[in-house]
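1. fold the stuff below for me.
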Amino acid sequence: MKQDEPELSHFSPSGRKETWSKEELLDLISRSAGATMAVLDRSLVMIYVNEEYARWFGTMPDQLVGKTLVEVYGEQDCARFMPFVERVLRGERVQYQRMLRTPYGIEEWRTICLTPWHNAQGAIDGFITTALDVHELQVTMNALRAANQRLSSHMENSPLAVVEMDHKLQLLHCSQRAVQLMGWLHVAGLEGRLLTELLALASADDSLQSALQRLQSGEESQNRAETCFVRADGTEVHCEWFNSALTDEDGQVTSIMALVQDVSAKIQIARQHHYLANHDSLTGLLNRSAFQSRLEKALVQAQNSAGSVALLFIDLDGFKRVNDTEGHRAGDEVLRIVAQRIASTVRAGDTMARLGGDEFLVMLDRDVTRDVTDTIGHRIIEALHQPMTIGGRDLHIGASIGVAVNPPLEGDIDALMNRADQAMYSAKRAGKGRLHYAQAACP
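-> Take a look at the predicted model:
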């Protein structure tokens, strides 16, 4: 060791002080680091090789020193990594992964690092190459990449729309199905925008916003919500959202994912079923069950607010004759025209129903006075007295109407309808085509 060469020392486990020169320490590192190391000059001649490097070639370091890369690797192999060598000789530090066959005949991934070797004047005299075993890491990364690709493929091919947001509900990613379902033109420009701003949700529909906020706050880790929004083309879309939050090791929400199902068809079918369950299939008016439900609510509200409810029981005059002479098809058309004409005479918000056969009902539950019931009742009689042209022929019918008003009549549904029915028969007995009121019983 030279006199002016600094010494590096440490204490051994026995307490004895040991001193190392830089050369000894460098030799220790190059032999024990587990990495292959070599130094090459600009002519690509090896001027230093550690034992690990030489072991890969089944030889000793002094057998490789003085040889060129081509002599060690062959022209075909050199051609594969020569672009990296050219870059390092231009002063760039280069790192890449390469599959190599180990001395044991096993192919493993290695990370190759090429570092420029500068002389005292700053010029590049060559480069240093090191290689570390990263096989397990590379295999794991490849498996992760393949898994991500499969997951991405599943997301894109899923019939459900996939939407991913950050903790602020800003869009991170969405599948093509999401773009189609939401009516967005394309994915570009969506990233970073708030989901709630991208959807034209109904002003009263805050179920999705509330569900997402519960995820943001950590109150829930998963939930569902139903929304209705209108796309740019005017289409009303009903969706069911299945939301989940991803948290970090501290429990903080980092992202939120939603799987969105289009349930518009299901909602439409449900609406149709509800309509059919509550409406007369021939005229489109409410049926008996739905009308009685409306009447019950109106009577309760009238009792609570000191209001009134008037029930008009309408029975057609001469309808049986039409059915007998013209047939049931013509009779059905007459009933449809009757429904239309009744609808044209009542006020907006008044309730109409077909009780069955040729019997119809009208309920008035606001601004109920004798003048109002008289006016509407006589309008109906006049409208139904007008001829109806069916199959090129003018058919004539009429209507008799019984009216029951609560109060003074009792507010029981069945009782009120019976009183209106009895009043209607009184109108028929009095000559048909007229209006008759049910009278309150004398005390």
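
2. just give me the residue closest to the centre of the chain.
-> Val260 (2.8 Å; Cα atoms, centre = their mean).

3. do you know how far that residue is from Asp41?
-> Using Cβ to Cβ, to the nearest Å, we find Val260 at a distance of 63 Å from Asp41. Any C-beta I mention is one placed from the backbone N, CA and C, and that applies to glycine too.

4. and the helices in the stretch 151-300 of the chain?
-> Using DSSP state H, counting those that start in this stretch, the helices found in the stretch 151-300 of the chain span residues 176-182, 195-198, 207-216, 264-278, 288-305.

5. can you put the ones you listed in JSON lines and add mean pLDDT, mean neighbour count and distance to Thr130?
-> What follows is the helices of the stretch 151-300 of the chain, written out as JSON lines (pLDDT from 0 to 100; neighbours: other Cβ atoms under 10 Å; distance: least, Cβ to Cβ, whole Å):
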{"stretch": "helix 176-182", "mean pLDDT": "82", "mean neighbour count": "18", "distance to Thr130": "45"}
{"stretch": "helix 195-198", "mean pLDDT": "76", "mean neighbour count": "15", "distance to Thr130": "48"}
{"stretch": "helix 207-216", "mean pLDDT": "87", "mean neighbour count": "18", "distance to Thr130": "47"}
{"stretch": "helix 264-278", "mean pLDDT": "89", "mean neighbour count": "12", "distance to Thr130": "61"}
{"stretch": "helix 288-305", "mean pLDDT": "92", "mean neighbour count": "15", "distance to Thr130": "83"}
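
6. figure out which of those is closest to Glu333.
-> Within these, the stretch nearest Glu333 is helix 264-278; the backing value is 20.7 Å (Cβ to Cβ).

7. what is the orientation angle of the closest one with helix 288-305?
-> On the basis of axes from the mean of the first three to the mean of the last three Cα atoms, to 10 degrees, helix 264-278 is oriented at 80 degrees to helix 288-305.

8. name the helices or strands packed onto helix 264-278?
-> Packing partners of helix 264-278 (3 or more Cβ pairs under 8 Å, 6 or more residues apart in numbering; DSSP states H and E): strand 236-247, helix 288-305.

9. TSV please, covering the ones you listed and showing distance to Ala161.
-> Putting the helices and strands packed on helix 264-278 into TSV (distance: least, Cβ to Cβ, whole Å) gives the following:
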stretch	distance to Ala161
strand 236-247	8
helix 288-305	36
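
10. next one: the nearest residue to the residue nearest to the centre of the chain once chain neighbours are set aside, what pLDDT does it get?
-> In this structure, Val260 finds its nearest non-sequential neighbour in Ala161, 4.0 Å apart by Cβ to Cβ, 6 or more residues apart in numbering. For Ala161, the model assigns a pLDDT of 84.

11. quick one: Ala161 from Leu295, how far?
-> Counting by Cβ to Cβ, the gap from Ala161 to Leu295 is 44 Å.

12. and Thr325, by the same measure?
-> Where Leu295 is concerned, Thr325 sits at a distance of 35 Å (Cβ to Cβ).

13. swap in Ile267?
-> 28 Å.

14. then Val237?
-> 36 Å.

15. can you map out the helices along the stretch 301-443 of the chain?
-> Here the stretch 301-443 of the chain has its helices, by DSSP H, counting those that start in this stretch, at 319-326, 328-345, 370-385, 413-429.

16. OK, contacts around the residue nearest to the centre of the chain?
-> Applying Cβ atoms under 8 Å, 6 or more residues apart in numbering, we find Val260 in contact with 160-163, 178, 181, 239-242.

17. then Leu335?
-> By Cβ under 8 Å, 6+ apart, the neighbours of Leu335 are 282-283, 354, 358.

18. do His279 as well
-> Taking Cβ under 8 Å, 6+ apart, one finds 285-287, 290 in contact with His279.

19. closest to Leu212 among those?
-> Nearest to Leu212 among the contacts of His279, counting by Cβ to Cβ, is Ala290 at 36.9 Å.

20. from Gln170, how far off is the closest residue to that closest one other than its chain neighbours?
-> Take Ala290 and drop its neighbours on the chain: the residue closest to it by Cβ to Cβ, 6+ apart is Asn278, 3.8 Å away. To Gln170, Asn278 is 44 Å away according to Cβ to Cβ.

21. ok, Gly356 next?
-> 58 Å.

22. same deal with Ile128?
-> Distance of Ile128 to Gln170, given as Cβ to Cβ: 45 Å.

23. and the helices and strands packed on helix 264-278: which comes nearest Asp77?
-> For the helices and strands packed on helix 264-278, the distance to Asp77 is smallest for strand 236-247, at 44.7 Å, taking Cβ to Cβ.

24. packing partners for that closest one?
-> Counting by 3+ Cβ pairs under 8 Å, 6+ apart, strand 236-247 packs on helix 176-182, helix 207-216, strand 222-230, strand 253-262, helix 264-278.

25. for the buried ones among the contacts of Leu335, write the corresponding ChimeraX selection.
-> Burial among those is assessed by 16 or more other Cβ atoms under 10 Å; the matching ChimeraX selection reads:
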select :283,354,358
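
26. still on that earlier bit, of Gly356 and Gln170, who's got more company?
-> With neighbours defined as other Cβ atoms under 10 Å, Gly356 and Gln170 compare such that Gln170 has more, 14 against 10.
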